[in-house]
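Enquirer: Coordinates only, no sequence provided:
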């Protein structure tokens, strides 16, 4: 997207999608690594958002946990992304799991940015013990196997099976005007027969809440 935006727009035109999502920020550009490079990347994302909008799409930014690191002036990186860009250029695809893991209340964030989070990634998780290291490296690992000899374990879970207050998130999504709730199961559930078991359990959880 940074280097060949025309190709991205052309591909998405064929697909007929409504949103184009900036999915990930490389390590060198993150707020906790290189604040100046981070600001330059955010400026570039704003330029991309203008071009994407001119092509008939809306650009969204999908977060992980690292965007919530603070810049030297105390500004949260995730806040900076959306304060430094026009909300017509860039809106949010909030991954509630990573926002929660980073220590932010996702339901509160959904209301704070009401009207500007059309897509919400619903994802639950659980942490056992104390994590020491990158959670991505700890996914699905037993503490004795985890990178960095962590004493903890990080695991994605189906909706309702983890530590998230998912009902509060769903209510805030509706109140904040979200158009799509997307269930995301990054890795298979521990002990699952296949990759479809986790999403199926999540959909059953949503059906019990009366969602279709």
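Expert: Structure received. Note that the structure is a prediction, hence the values are computed from the model and not measured.
Enquirer: how about low-confidence regions in this protein?
Expert: Along the chain, segments meeting pLDDT under 70 span 130-151.
Enquirer: in it, which residue is closest to the centre?
Expert: In the chain, the centroid-proximal residue (C-alpha atoms, centre = their mean) is residue 95; its distance is 2.8 Å.
Enquirer: Let's see the distance spanning stretch 111-120 from one end to the other.
Expert: 12 Å (C-alpha to C-alpha, to the nearest Å).
Enquirer: Which of the residues in it are classified as buried?
Expert: Going by neighbour count (16 or more other C-beta atoms under 10 Å), the buried part of stretch 111-120 is 113, 116-120. Heads up, the C-betas are built off the backbone N, CA and C, glycines and all.
Enquirer: The residue nearest to the centre of the chain: what's it in contact with?
Expert: Applying C-beta atoms under 8 Å, 6 or more residues apart in numbering to residue 95 gives the contacts 62-64, 121, 123, 184.
Enquirer: what do you get if the cut-off is 10 Å, keeping everything else the same?
Expert: Shown in contact with residue 95 (C-beta atoms under 10 Å, 6 or more residues apart in numbering): 62-65, 67, 101, 106, 119-123, 182, 184, 186.
Enquirer: same question, residue 8
Expert: By C-beta under 10 Å, 6+ apart, the neighbours of residue 8 are 1-2, 20, 22, 48, 51-52, 55, 57.
Enquirer: rerun that using 7 Å as the cut-off
Expert: 1, 20 (C-beta atoms under 7 Å, 6 or more residues apart in numbering).
Enquirer: Now it: which helix or strand?
Expert: helix 5-15 (DSSP states H and E).
Enquirer: isn't residue 91 right up against residue 116?
Expert: Yes - between residue 91 and residue 116 there is a contact under C-beta atoms under 7 Å: 4.7 Å.
Enquirer: Tell me who's in contact with residue 197.
Expert: residue 189.
Enquirer: what's the neighbour count on the nearest residue to residue 33 once chain neighbours are set aside?
Expert: Distances taken as C-beta to C-beta, 6 or more residues apart in numbering put residue 27 closest to residue 33, at 6.1 Å, once the chain neighbours are dropped. Residue 27: 10 surrounding residues under other C-beta atoms under 10 Å.
Enquirer: Likewise for residue 183?
Expert: Based on other C-beta under 10 Å, the number of other residues close to residue 183 is 18.
Enquirer: how close does it get to residue 16?
Expert: Counting by C-beta to C-beta, to the nearest Å, the gap from residue 183 to residue 16 is 22 Å.
Enquirer: Can you point out the buried residues in the helix ranked longest in the chain?
Expert: Secondary structure of the chain per DSSP state H: the longest helix is helix 35-54. Neighbour counts over helix 35-54 (16+ other C-beta under 10 Å) mark 35, 38-39, 41-42, 45-46, 48-49, 52-53 as buried.
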